[in-house]
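Peer 1: How does the following fold in three dimensions:
(chains A and B)
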Amino acid sequence: MTDLKTSLSEAVGSAFAAEGVDKALARVTASDRPDLADFQSNGALAAAKALKANPRELAAKVAERLAADPRLSSVEVAGPGFINMKLSNAALAQRAAEVAADTELAGASRVEPRKVVIDYGGPNVAKPMHVGHLRSAIIGESLKRLFRLRGDDVTGDAHFGDWGFQMGLLITACGDEGLADAFMAEGDGPFPAETPVTLADLDRLYPLAAGKAKEDPAFRDRARKATAELQGGRPGYRALWQHFVAVSREALKREYDDLSVDFDLWNGESDADPLMDEMIADLKAKGLLVEDDGAQVVHVAKPGETRKKKLADGSVIEAPSPPPLLVISSEGSAMYGTTDLATILDRKKSIAPDLILYVVDERQAEHFEQVFRAAYLAGYAPEKSLEHLGFGTMNGADGKPFKTRAGGVLKLRDLIDMATQSARYAVDNADLAGDVTPEEREDIAHKVAIAAIKFADLSNNRTTSYVFDLDRFMSFEGKTGPYLLYQAVRVKSLLRKASEQGVALAPIVIEEAAERDLALTLDAFDAATADAYDKRSPNLIAEHAYRLAQSFSKFYAACPILVAPDEATKGSRLALAAATLHQLETALRLLGIETPERM
RNA sequence: GCGCCCUUAGCUCAACCGGAUAGAGCAUCCGCCUUCUAAGCGGACGGUUGCAGGUUCGAGUCCUGCAGGGCGCGCCA
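Peer 2: Prediction:
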């Protein structure tokens, strides 16, 4: 399956080659001036620059060769040497028919399959998710779906935070409250298979313990000791920890479920732990691990890569940049970079991925730079196979990271509830048919809420921060999730009616301006998915989905379908509508958004 | 102090490898429902792309400087 842009690029490329010009320059793009053309090539400008030729003359020669192409209804040279191309209606109709027939990809295309791991989500045991977890989940899920659609073998890994100091805190707090006496005994057990704690216990205990650790050094030291004993393998602690992990994971899965986010792997930091000793020995053997100020580090800066650094005493020195990766602290414990590095080694052994994508907050960019460089130096991953896909924060109206009115962190659960409530209100006030059951109503409200949140997030550029404004996101007008659902639902309703009336699909014929525009938009899905894939930017999919919905809406207003004058026109327009729905739902699915049957 | 990122219409955001007249949505104003979901469609208004230089036939895009904002800077993750 080839989109028009690509096949025209080939045609222009041949014409370029015939004129003795590098055909790689013959890139065709959608026209900047839809009033003049459908597609354009600016290649003559670049080529003329290289050859010191006259761009208009070159463009004219190329245009002359292209004029014979039956797909093109007009080829013109404009401005300093743009080649403007307009497609024939027949060629557009043929391409639209291709997209319509593509039940699998809706007009998108595949790549050579690679093994890809996407590391996203990053939830923690016993810590309820908050809005800070939202972007990683939404963006990561979307990329996972996009990479899968394009043909890659993708593993989504939640990278569960199950191994740090917070585990020691929980164990200690549990013990103090007498909740898990059976697990406190030393020795090999056996220990109860039933969990001694509920989710409610964990929700309550963690903030309690974290607060206590700050005020009470004795408690903190006991928690540290418990952490060390857990990691050292004390059976009772391990058994209790397993219960924490299981209880938390079930709760987190439900929450991710609500967001239509799911993971193939729930590997945690603990899974990298068994590789730690081996990895450290390996780093030592390779001479990468060196002593520095009491700690063991890996130097990752190349010679000459330095930055100025001001020391505490006020003197300024040249320090390596990026700074060394701290592998073992002066106290002898592993750091989070150590875990990340061991996880790369683990993935190499178990999956051998061609690419690992980390969907993590932009603020950790330098950390990942350090880890990646260390991994390359140690040979744990092929050069350039590790990518940190940073993203900006979700901010409040004041432009600062989102907080509740009380100033606290907003729980993800509460955010979803807020949005669902707002959607419920809108659905209740909509003019829905009377036979909608309360269950369907609730399902619609939920889908609308998730669409609103996700589309708002994914329509923003991944790397920048954005302002969270629920009222704006929930609006059914404009560039929002609910608007897109509305458009999809409108087509579904139309298709139902057509089926009732026995209207049959017919070959696609392109006549009207709105039909041309819709066909061109359907064609552009391939480029949108390819660009989104190359740049790891779901907002390009969001952009396309919106453009498609708009194109359809114009078509819907301008070209009556069920009341068209003849059966051939009805069938053609119906086929365009069906193709639109399929592509729109495909695009929305790539964003992790599901459409209801009606709303 | 050093480094990275950002600054585009009143507001929220786009802009494909440097190309034509910088695009959407919201808000404001004007039209369009006896016809397939008007949660829609059409139109109008709105810009010295933070500022000053430079490279180029051509700069929102590349380079330098400045201003304003955000983030990061070894023993937390």
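
Peer 1: Near the closest residue to residue A:286 other than its chain neighbours, how many other residues are there?
Peer 2: Leaving aside its sequence neighbours, residue A:286 sits nearest to residue A:378 (Cβ to Cβ, 6 or more residues apart in numbering; 6.2 Å). Every C-beta, even on glycine, is put in place using the N, C-alpha and C of the backbone. Other residues near residue A:378 number 18, with proximity taken as other Cβ atoms under 10 Å.

Peer 1: now do residue A:368
Peer 2: Residue neighbour count, defined by other Cβ under 10 Å, stands at 20 for residue A:368.

Peer 1: thinking it is in contact with residue A:374, fair?
Peer 2: No - Residue A:368 lies out of contact with residue A:374 (Cβ atoms under 8 Å); the separation is 10.5 Å.

Peer 1: all helices of the stretch 401-550 of chain A, in order?
Peer 2: A:412-428, A:438-458, A:470-474, A:481-500, A:513-523, A:525-535, A:539-558 (DSSP state H, counting those that start in this stretch).

Peer 1: could you give the angle of the first one to helix A:438-458?
Peer 2: Following axes from the mean of the first three to the mean of the last three Cα atoms, to 10 degrees, one obtains 120 degrees for the angle between helix A:412-428 and helix A:438-458.

Peer 1: Helix A:412-428 vs RNA strand B: in contact?
Peer 2: Yes - interface with RNA strand B: helix A:412-428 contributes A:426, A:427 (Cβ under 7 Å from any atom of the strand).

Peer 1: mind checking pLDDT for the closest residue to RNA strand B within the stretch 101-250 of chain A?
Peer 2: Residue of the stretch 101-250 of chain A nearest RNA strand B, by Cβ to the nearest atom of the strand: residue A:164 (4.4 Å). On the pLDDT scale, residue A:164 is placed at 82.

Peer 1: number of nearby residues for it?
Peer 2: With other Cβ under 10 Å as criterion, residue A:164 counts 16.

Peer 1: How about the contacts made by it?
Peer 2: By Cβ atoms under 8 Å, 6 or more residues apart in numbering, the contact set of residue A:164 is A:227, A:269, A:336.

Peer 1: so the first one is in which element?
Peer 2: Taking DSSP states H and E as the definition, residue A:227 sits inside helix A:217-232.

Peer 1: what residues does that helix touch?
Peer 2: Here helix A:217-232 makes contact (Cβ under 8 Å, 6+ apart) with A:163-165, A:167-169, A:171-172, A:175, A:209, A:212-214, A:237-238, A:241, A:273, A:333.

Peer 1: following it, which helix or strand shows up next?
Peer 2: Next along from helix A:217-232, by DSSP H and E: helix A:235-258.

Peer 1: Would you mind listing the buried residues in that following helix?
Peer 2: The neighbour-count check on helix A:235-258 (16 or more other Cβ atoms under 10 Å) flags A:236-245, A:247-249, A:251-253, A:255-256, A:258 as buried.

Peer 1: ok, now stretch A:586-599?
Peer 2: Buried residues in stretch A:586-599 (16+ other Cβ under 10 Å): A:586, A:587, A:588, A:589, A:590, A:591, A:592, A:593, A:594, A:595, A:596, A:599.

Peer 1: show me which of these neighbour RNA strand B.
Peer 2: Within the set of the buried residues of stretch A:586-599, contact with RNA strand B (Cβ under 7 Å from any atom of the strand) is found for residue A:599.

Peer 1: Could you work out the most separated pair of the buried residues of stretch A:586-599?
Peer 2: Farthest pair in the buried residues of stretch A:586-599 (Cβ to Cβ) is A:590 and A:599. Separation: 20.6 Å.

Peer 1: CSV for the contacts of residue A:164, including distance to RNA strand B?
Peer 2: Listed next are the contacts of residue A:164 as CSV, based on distance: Cβ to the nearest atom of the strand, whole Å:
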residue, distance to RNA strand B
A:227, 9
A:269, 6
A:336, 4
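
Peer 1: out of those, which are buried?
Peer 2: By neighbour count, with 16+ other Cβ under 10 Å, the contacts of residue A:164 hold A:227, A:269 as buried.

Peer 1: Run a quick neighbour tally on residue A:274.
Peer 2: Residues lying near residue A:274 (other Cβ under 10 Å) number 11.

Peer 1: what's the pLDDT at it?
Peer 2: pLDDT, residue A:274: 90.

Peer 1: Make sure I have this right: it is in a strand.
Peer 2: No - with DSSP: H, G, I helix; E, B strand; the rest coil as the criterion, residue A:274 is located in helix rather than a strand.

Peer 1: give me the residue from the stretch 251-400 of chain A nearest RNA strand B.
Peer 2: Nearest residue of the stretch 251-400 of chain A to RNA strand B (Cβ to the nearest atom of the strand) works out as residue A:329 at 2.9 Å.

Peer 1: just to revisit the earlier point, going through the contacts of helix A:217-232, which ones are buried?
Peer 2: Neighbour counting with 16+ other Cβ under 10 Å marks A:163-165, A:167-169, A:171-172, A:175, A:209, A:212-213, A:237-238, A:241, A:273 as buried within the contacts of helix A:217-232.

Peer 1: helices or strands next to the lowest-mean-pLDDT helix or strand in chain A in the packing?
Peer 2: None of the helices or strands of chain A scores lower by mean pLDDT, DSSP states H and E than strand A:306-310, at a mean of 77. Judged by 3 or more Cβ pairs under 8 Å, 6 or more residues apart in numbering; DSSP states H and E, strand A:306-310 is in contact with strand A:316-320.

Peer 1: Next SSE downstream of the strand it packs on?
Peer 2: strand A:325-328.

Peer 1: Kindly export that next one (C-alpha atoms) in PDB.
Peer 2: Extracted in PDB, the C-alpha atoms of strand A:325-328 (Å, rounded to 0.1, in the frame of the first residue of the first chain):
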ATOM      1  CA  LEU A 325      26.900   7.100  36.600                       C
ATOM      2  CA  LEU A 326      26.800   6.300  40.300                       C
ATOM      3  CA  VAL A 327      26.600   2.500  40.500                       C
ATOM      4  CA  ILE A 328      27.400   1.700  44.200                       C
END
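
Peer 1: buried set for that strand?
Peer 2: A:325, A:326, A:327, A:328.

Peer 1: and if you look at stretch A:143-157?
Peer 2: Applying 16+ other Cβ under 10 Å to stretch A:143-157 flags A:143-147, A:149-152, A:154-157 as buried.
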